[in-house]
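Undergrad: Just to be clear, the model below is a prediction. Sequence and coordinates:
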Amino acid sequence: MVVLVLVSTVTGFGLYTSGLKYLSASSASITATMEPVIATGFAFVVLGEVIEPVQMAGGVLVILSVLILAVKKDAPTNPVSTD
């Protein structure tokens, strides 16, 4: 059991950190923010876990935050003219 836990942790962390070199800092932080939401969805679908209303509300808040950040990131900026 210990070997299974250690291998899963080391493999997951290794893949995550090796993938970070392909992302910008903002994309990496958004990806890390979504991790608990994805894990909860996975537990619900695959393992049949029960999701409480407060957990759903928290997941919705995280997803909304990520969407707001994504929209702000893609929004054009208006440079200040020095004319």
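TA: Structure received. Residues are numbered from 1 along each chain as shown.
Undergrad: Start from the N-terminal end of this protein and give the helices.
TA: If DSSP state H is used as the criterion, the helices of the chain fall at 2-20, 25-47, 53-74.
Undergrad: Just send those back as a markdown table, with mean pLDDT and mean neighbour count too.
TA: The C-beta positions use only the backbone N, C-alpha and C, and glycine is treated the same way. What follows is those, written out as a markdown table (pLDDT from 0 to 100; neighbours: other CB atoms under 10 Å):
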| stretch | mean pLDDT | mean neighbour count |
| --- | --- | --- |
| helix 2-20 | 85 | 10 |
| helix 25-47 | 88 | 13 |
| helix 53-74 | 88 | 12 |
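Undergrad: Find the nearest non-adjacent residue to the residue nearest the centre of the chain, please.
TA: Nearest to the mean C-alpha position of the chain, counting by CA atoms, centre = their mean, stands residue 34 at 2.0 Å. Among residues not flanking residue 34 along the chain, residue 66 sits closest, at 6.0 Å (CB to CB, 6 or more residues apart in numbering).
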